[in-house]
Structure formats: C-alpha cells, structure tokens
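Enquirer: No sequence on hand, only this structure:
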C-alpha cells in the first residue's frame, strides 16, 4: 500500500505538487510552463499522460500558468471550486466539458484508493483552498498561500505523516526589502503569506506522533533563504521540545519522490 509524493516546484515563481497511491496519480496546481512541467515529471520518472487529474488550489498565475496547456496536451480532468473556475476559466484557453469538474470547499472526494479533503485558507484569491491526502491510514497535508493558520485548519491537518508547509518570508527581510509598502502590507496581512516564525508556531501545534517529514514551501525569492527558513522554523520547534528534520523545496527542481511509511 503506497503513498508517495514529490514537491515538483515551489516558490513565488511557480508551484506544482504530485502525489500518487497504488491506483491514482494526482497533480495539484500547474504554475509553470508546459515545457517546465514536462521536465519536472521526467525528473521524478512520472508519465504525465497517466495522471488521474489536476486539482487547483486558487487562480493565481504561479499556480495555474501551465494548467490549460498540460490539461489539453494529456486530455486531463481539472478539479476546482466554482468561484475558482469563474476566476480562472478565461485564462486557461479552450477546454472540453468533460475536463471541467467541481471540487467544493470543505469537501471530501474519493479518487480510487485515495481520499482527498479540501479546506479553505485565508488568501487574496476568489476562494482559495488546499488539500489533505489520505491512503491506507497515512496522511499528507499541503498547506501554503495563507495569511494565518486558523484553528479549523490546524484541526484538519493535525498529526499528518508529512507536511508541505508555507515558510514564505523572513519578516525583517520583507520589511527592509525593495517591495513597495502596499505589497509588503499584503504579504504581512491576514490574506497574505505565512512567515518563517509563524510556520514554526503553527507546526508546533499540529505535529503529532506519526509526523516524520516537513517540507518548507513557497519561499519568497526576495525575502527568504532556504538556510534561514530552516534555521528559523527549527528554532521555534526546538523551543517547544520538537526535533524533526526539515526539507527544502525549490522553484526549479523537484524533491526526490518520498514514500510515506
């Protein structure tokens, strides 16, 4: 009974996440060009034509840039909630009716032997939501693009075997950086992105006995660094007596395929 995944790409410039069970192969988001996505799939030895479907978190271009292209090329179904469909439909190009499916907020759908639960997040998009994947008693949670981590989200994602969790920015780097103040305010706000420190605080609340692996995701290229993110999150966890290995993600290269054990 297998549950495996790779963070194909993660960062401000483009995001894609791949997860597979014994029967299903799912892509979440396609925020890179078709050519880049094909290269990333090749790097983890996955045939994109065998995908069961593509789930969408929200309509920002770093999550849907190559969505229409890859869906047409491999004739894949796309799943998103109604408001996200309305927000992104025009930018995807021509799709057939049998490629468009609804996946509602706070809904659980079964894809073969894989159960997927959606949950809403606070982010400046039409109706952003992320996902928890369950298979044979194993659980993987994908949590990025949110201004803060609510108690409801913590309850949904607690005690997962693995997390892909946002550590977008270092607050001081962001404050001192080159972004205009209105952009800084957006990122720091409740509909923006989670900082390194807030990532650590949220993880400290939700990590359980079975949690083995944490990937720090959606790092800002301007306002964060991999070493800094790892050090900041680790320091918060250590203060609470939690010792776990933290893994990097990258905007241009996939993480090695990880089998949840």
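Expert: Yep, it's here. Computed from a predicted structure; not experimentally measured.

Enquirer: State the next helix or strand along the chain beyond the helix ranked longest in the chain.
Expert: Secondary structure of the chain read by DSSP state H shows that its longest helix is helix 226-239. Going down the chain from helix 226-239, the next helix or strand is strand 246-248, by DSSP states H and E.

Enquirer: List the strands paired with that next one, with their directions.
Expert: Partners of strand 246-248 in the sheet, by DSSP bridges, are strand 213-217 (parallel).

Enquirer: what separates the strand it pairs with from the chain centre, distance-wise?
Expert: Using CA atoms, centre = their mean, to the nearest Å, the mean C-alpha position of strand 213-217 is found 10 Å from that of the whole chain.

Enquirer: Surely residue 186 is within a strand?
Expert: No: following the definition DSSP: H, G, I helix; E, B strand; the rest coil, residue 186 is helix and is not counted among the residues of a strand.

Enquirer: wait, it sits on residue 124?
Expert: Yes: counting by CB atoms under 8 Å, residue 124 is a contact partner of residue 186 at 6.7 Å. (Glycine included, C-beta is placed from N, CA and C.)

Enquirer: Touching both of the two, which residues are there?
Expert: residue 192 (CB atoms under 8 Å, 6 or more residues apart in numbering).

Enquirer: hmm, back to that, and the longest helix of the chain, average pLDDT?
Expert: Mean pLDDT, computed over helix 226-239, is 98.

Enquirer: now swap in stretch 88-97 and tell me
Expert: Mean predicted confidence for stretch 88-97 is 96.

Enquirer: So for it, what gets flagged as buried?
Expert: 88, 92, 95 (16 or more other CB atoms under 10 Å).

Enquirer: The second one and residue 28: what is the separation?
Expert: This means residue 92. Relative to residue 28, residue 92 is positioned 16 Å away (criterion: CB to CB, to the nearest Å).

Enquirer: tell me which strands and helices the longest helix of the chain is in contact with?
Expert: Helices and strands touching helix 226-239, as assessed by 3 or more CB pairs under 8 Å, 6 or more residues apart in numbering; DSSP states H and E, comprise helix 196-206, strand 213-217, strand 246-248.

Enquirer: Distance from it to the middle of the chain?
Expert: Per CA atoms, centre = their mean, the displacement of helix 226-239 from the mean C-alpha position of its chain is 20 Å.

Enquirer: Repeat that for stretch 228-247.
Expert: 20 Å.

Enquirer: Strands of this structure, start to end?
Expert: Listed in chain order, the strands found in the chain under DSSP state E are 3-9, 16-21, 25-28, 53-55, 78-80, 100-102, 108-111, 114-120, 129-135, 138-143, 162-166, 213-217, 246-248, 258-259.

Enquirer: Would you mind giving these as a markdown table with mean pLDDT and distance to residue 173 added?
Expert: Written out in a markdown table, the entries for these read as follows (pLDDT from 0 to 100; distance: least, CB to CB, whole Å):
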| stretch | mean pLDDT | distance to residue 173 |
| --- | --- | --- |
| strand 3-9 | 98 | 22 |
| strand 16-21 | 98 | 25 |
| strand 25-28 | 98 | 28 |
| strand 53-55 | 98 | 31 |
| strand 78-80 | 98 | 33 |
| strand 100-102 | 98 | 39 |
| strand 108-111 | 98 | 38 |
| strand 114-120 | 98 | 29 |
| strand 129-135 | 98 | 25 |
| strand 138-143 | 98 | 22 |
| strand 162-166 | 98 | 16 |
| strand 213-217 | 98 | 15 |
| strand 246-248 | 98 | 17 |
| strand 258-259 | 98 | 29 |
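
Enquirer: Could you list the residues in contact with stretch 26-42?
Expert: With contact meaning CB under 8 Å, 6+ apart, stretch 26-42 is reached by 8-9, 13-20, 47-48, 51-57, 60-67, 69-71, 73, 76, 111, 114, 116, 131, 133, 142, 253-254.
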